[in-house]
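Colleague: Just the structure for this:
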Amino acid sequence: MRADRPGRPAPPPGLVAALGCEPKLVAKHPALGNFLRSRWADAAFMTAAGLAEATGLPTTTLIRLLALLGFPSFRSFRDAVRAQLGSR
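Modeller: Predicted structure coming up:
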């Protein structure tokens, strides 16, 4: 998928793509994996509550999932997504 085509999102960068396919996440909460694969750039500007609402997860569950994936806080996750966005 090419980023220069109007109306088509660019594929997520490595980190976000890996998170979107993480077996621990996809098995229990596929909505979060789907969000990270399709709307990953939006996550760079969302709050934890906003991302939880967008994925249909309770905020506490979202925070626990991100901790399971190696992010000690939502801010560290968001900063990683922002760094990926900035490197594009």
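Colleague: Tell me the confidence at Leu25?
Modeller: Looking at Leu25, its pLDDT is 67.
Colleague: residue closest to the middle of the chain?
Modeller: The structure's the chain has its C-alpha centroid closest to Leu36; by Cα atoms, centre = their mean the separation is 3.6 Å.
Colleague: Helix, strand or coil: sort out that one for me.
Modeller: helix (DSSP: H, G, I helix; E, B strand; the rest coil).
Colleague: Then Leu32?
Modeller: Leu32 - assigned by three-state DSSP - is helix.
Colleague: So it is in contact with Ala54, correct?
Modeller: No: the criterion here is Cβ atoms under 8 Å, and Leu32 misses it with Ala54 at 9.2 Å. Every residue, glycine included, has its C-beta placed from N, CA and C.
Colleague: in this structure, which spans are helices?
Modeller: For the chain, the helices defined by DSSP state H occupy 14-20, 23-28, 30-38, 48-55, 59-68, 74-86.
Colleague: In terms of neighbours, single out the busier of Leu32 and Ala54.
Modeller: Leu32 (26 against 16; other Cβ atoms under 10 Å).
Colleague: What is the neighbour count of the closest residue to that one other than its chain neighbours?
Modeller: In space, and not counting its chain neighbours, Leu32 is closest to Thr55: 4.7 Å by Cβ to Cβ, 6 or more residues apart in numbering. By other Cβ under 10 Å, 20 other residues sit near Thr55.
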